[in-house]
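Coordinates for the following, if possible.
(one chain, ligands or ions: 1)
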Amino acid sequence: MQFSKRMDRFGDEVFAALNERKIELERQGRKLYNLSIGTPDFVPSARVRQALADAAMDPENWKYALRDTPEMLQAVCDYYRRRFSVEITPDMIVSCYGSQEGIGHMGMVLCDEGDTVLLPGPCYPVFIAGAKMAGAEPWYYPMTRENGFLPNVSGIPEEVARRAKYMVVSLPSNPTGSVSTPEVYREIIEFAKKYDIVILHDNAYSDIIYDGLEGGSFLAYPGARDVGGEFFSLSKSFNLTGIRISFFIGRPDIAAAFRRLRGQIDFGMFLPAQRVAVAALSEPREQVIRQCADYQARRDALVDGLNAIGWPAEKNRGSMFVWVAIPPRYASSMDFCLQLIERAGVICTPGASFGPMGEGYVRFALVLPPQQIAQAVQAVRESGILEG
Ligand SMILES: Cc1ncc(COP(=O)(O)O)c(C=O)c1O
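Below is the predicted model:
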């Protein structure tokens, strides 16, 4: 039996080696600092957890949901008005099981085999997987140090723009930690109109943004809702990664097509999860703001710490990730990560896992408190890895 040719589009799990090593070192009782995975160590509020417990006690809530409840759709509309000053309507909203799943399937809504899609290089891996599942060819627009880790649409060749079906934009960025400016979004909207390209903005980190900057919505920009929409995840703002709640919010025809595709394979989000969404979206903002300050303290502990031990790092302005160039003498980000875990017990993610333009960097996730991050930095220093 032969598996489908589609499966050949996905590489082997090259990072299994790193994971295996981690498991082995853990087994040996080695002290490890795991800064590799972007799962918040913060917890959802008691009110949100109670909402799930209450909803779970109602036997009616265990049936197929079959739809996004009017209550949840209204909660999303209210949140967008209150938080982002953006007016949206229920026909613009489709729930999905996390932005990961949503973006993974959206390529099939927008593309045919052989179409081109524009993706950030480096990018969150599901952007690539979603394009490949649809049979499309990714074309990576550089998000490199030279352009401030921001998209520059004027650098996309005309013939590429002409054949592109959609473009994924995601700011604040995973993995680079860069944040947008109004100018960047305006240029992207103009570009999308000129070449009839759908824009999918992945807005996972609107609440994790530093140094007094304010997170926002792509839909707040004039013309944005005519060219596409955004995925808005509850995972990071509300520490709800496990329950899988996100929404596509955007142009009604795209929302309708996405709903139609999802309708082929899905009977709707678990009703207690929909109640969790309502509870989270109506949370007072204090906790989210406090949490963001905690992330900033972690960022400062890491970036200041790395600079102090002679590993140059720049302060990211948003997201829960710090993107750092590997010391020059290492052959690859994977090679460096394997040595870092071995010699310092510090685990981070090789840049190569974020697509072809990620090589030469590693990504640290800010998922430990500042004191432990400081200890991790100390372990890096004592390992001597920076000296070779
Ligand atoms: C840019 C980006 N998009 C989406 C996700 C996943 O979000 P969700 O939990 O809603 O699938 C992540 C998670 O790390 C992310 O960094």
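
What are the phi and psi values at the residue nearest to residue 245 when sequence neighbours are not counted?
Leaving aside its chain neighbours, residue 245 sits nearest to residue 234 (4.4 Å; criterion: Cβ to Cβ, 6 or more residues apart in numbering). Backbone N, C-alpha and C define where each C-beta goes, glycine included. Torsion angles at residue 234 (phi, psi; degrees, to the nearest 10) stand at phi -90, psi 0.

can you check the one 4 residues further on too?
According to degrees, to the nearest 10, the main-chain angles of residue 238 amount to phi -120, psi 10.

Repeat that for residue 109.
Backbone dihedrals for residue 109, given as degrees, to the nearest 10, come out at phi -80, psi -30.

What about it, how many residues nearby?
Neighbours of residue 109 under the rule other Cβ atoms under 10 Å: 20.

That one contacts residue 256, correct?
No - using Cβ atoms under 8 Å, residue 109 makes no contact with residue 256, being 9.9 Å away.

sorry, back to before: could you list which residues are in contact with the residue nearest to residue 245?
Residue 234 is in contact with 240, 245, 246, 277, 280, 281, counting by Cβ atoms under 8 Å, 6 or more residues apart in numbering.

so which of the residues you listed comes closest to the ligand?
Taking Cβ to the nearest ligand atom as the measure, residue 246 is the one of these closest to the ligand, at 4.1 Å.

wait, isn't that closest one in contact with residue 96?
Yes - contact criterion Cβ under 8 Å: residue 246 and residue 96 qualify, at 5.3 Å.

Now do the shared contacts for the two.
Residues within reach of residue 246 and of residue 96 at once, by Cβ under 8 Å, 6+ apart, are 102, 231.

Could you pull up the mean pLDDT of stretch 148-155?
Looking at stretch 148-155 alone, the average pLDDT works out to 96.

Need the contact partners of it.
Contact with stretch 148-155 is made by 120, 141-143, 147, 161, 169, 171, 173, 176-178, 180-181, 184, 187-188, 191, 323, as judged by Cβ under 8 Å, 6+ apart.

residue contacts, residue 318?
Residues near residue 318 by Cβ under 8 Å, 6+ apart: 171, 172, 173, 177, 178, 179, 205, 208, 209, 210, 213, 215.

measure the nearest residue to it once chain neighbours are set aside to residue 213 for me?
Leaving aside its sequence neighbours, residue 318 sits nearest to residue 172 (Cβ to Cβ, 6+ apart; 2.8 Å). Noted for residue 172: a distance of 9 Å to residue 213, by Cβ to Cβ, to the nearest Å.

Look at the two and report which has more neighbours.
For residue 172 versus residue 213, the count of surrounding residues by other Cβ under 10 Å is larger for residue 172: 25 against 13.

got the contact list for the more buried one?
Under the criterion of Cβ under 8 Å, 6+ apart, the neighbours of residue 172 are 178, 179, 180, 205, 206, 208, 209, 215, 316, 317, 318, 319.

can you tell me the helix or strand for the residue lying closest to residue 222 once chain neighbours are set aside?
Nearest residue to residue 222 in three dimensions, chain neighbours excluded: residue 189, at 7.4 Å (Cβ to Cβ, 6+ apart). According to DSSP states H and E, residue 189 maps onto helix 182-195.

where's that helix relative to the chain centroid, distance-wise?
Here the centre of helix 182-195 is set off from its chain's centre by 21 Å, with Cα atoms, centre = their mean, to the nearest Å.
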